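Visitor: sequence first, then the predicted structure, then my questions.
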Amino acid sequence: MMKKLNEQQIQLISDVTLKKTAEIGMDHARKNTPYIRNTIKDLKEQLVENEQKSSIIISAGPSLHRNESIELIKNSDFKGYIVAVDGSLGQCLRNGLIPDFLVTVDPHWLNRMIRWFGDPKLSERPEDDYFQRQDLDPELNTDELARNEELIELVNCYGPKIKTIISTCINPEITERCLSAGMELYWWNPLYDDYEKEDSISRKVFQFNKIPCMVTGGNVGTSAWVFSHSVLESKDVVVVGMDNSYPPGTKVINTQYYEFLMEVFPEKPETGLIEVYNPYLKETWITDMAYCWYNEIFLKMAPLASCKTYNCTEGGILFGDGVEFIPLSAGLKRTTNG
């Protein structure tokens, strides 16, 4: 295992991510254009002036269910915004916590991404062990078809109560699924690259759809955090389920990028994993190059943000300047009044 990423590896991941995302993102943005009615700018204008509520970001890492974070939030006196990512939607709804906002951004892996919303076509999809081999949403690990039907019903029931912060790069089939559930959609463009460059992909997308851009940090959890302090203007933001890593002892086959690691390191895929010691937990967590990159981007952005960030995941590797690593009970006490 590696200990950290070097600058060359960081640049390589950044370049590969841009190349992988830009072309498909632009294609999806064009196909999503007919669905666009409101943007995050419209949402910001709808918010009550000078009402700066705190936000809780509910990301989808394994610590979310291991620490029963949703139950603790639900039973608290928190009066601010609940901002869920797509991967945590099912866990929220099954536990009776209806998010105010839902953020979704990933343009890839339709067969996997749409599962978070309940997939009406699941029985027709190719078999995929993605959910079974990972510690994500435990309810998706067994009796897939039955759990999927339950999730479809939940999303259809509560969808009209959830404002969905949807990226233009999302697969249009997910757009249609959100609309079928009665979700209110607010659109935004992901910031792919430097907008000021002459050949900027971000600028090209904006030129044909005129939708506001927002930084993603490479993943949906960071996108939700950016949305909370830049659009909702929350001054205190709590994050849970943002592990950016895997619990101690996780085997390489149980990681998100196992298939990729098998391609790059066919004889020893664990070579691509990284060990990170968390001094707050006194544990060594396991991450990979992609998660490590997301983590480093977040830690570069956090000190510059217009909010205080409390990582109440109680797991993972997100700690450093601009991020206060504290228990969820303590984070809720600091933000109870919204």
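Guide: Here it is on my side, so go on.

Visitor: would you say L185 is within a strand?
Guide: Yes - assessed by DSSP: H, G, I helix; E, B strand; the rest coil, L185 belongs to a strand.

Visitor: ok, it - how many residues close by?
Guide: 20 (other Cβ atoms under 10 Å). For glycine as for every other residue, the C-beta is placed from the backbone atoms N, C-alpha and C.

Visitor: wait, doesn't it sit right on R37?
Guide: Yes - counting by Cβ atoms under 8 Å, L185 does reach R37; the two are 7.0 Å apart.

Visitor: and the strands in the stretch 151-300 of the chain?
Guide: Using DSSP state E, counting those that start in this stretch, the strands of the stretch 151-300 of the chain run over residues 163-167, 184-190, 213-214, 236-240, 273-278, 283-288.

Visitor: now do the second one: distance to the chain's middle.
Guide: Taking Cα atoms, centre = their mean, to the nearest Å, one finds the center of strand 184-190 at 14 Å from the center of the full chain.

Visitor: summarise which helices and strands that strand is packed against.
Guide: helix 7-32, helix 40-46, strand 163-167, helix 172-180, helix 201-209, strand 213-214 (3 or more Cβ pairs under 8 Å, 6 or more residues apart in numbering; DSSP states H and E).

Visitor: contacts for it?
Guide: 21, 25, 29, 32, 35-40, 42-43, 105, 160, 162-169, 175, 178-179, 202, 205-206, 209, 211-214, 216, 223 (Cβ atoms under 8 Å, 6 or more residues apart in numbering).

Visitor: how far away from the center of its chain is stretch 318-333?
Guide: 18 Å.

Visitor: quick one: terminal-to-terminal distance for that stretch?
Guide: Counting by Cα to Cα, to the nearest Å, you get 21 Å between the two ends of stretch 318-333.

Visitor: gap between the residue nearest the centre of the chain and Y310?
Guide: Among the residues of the chain, the one closest to the centroid is V220, at 2.5 Å (Cα atoms, centre = their mean). Noted for V220: a distance of 19 Å to Y310, by Cβ to Cβ, to the nearest Å.
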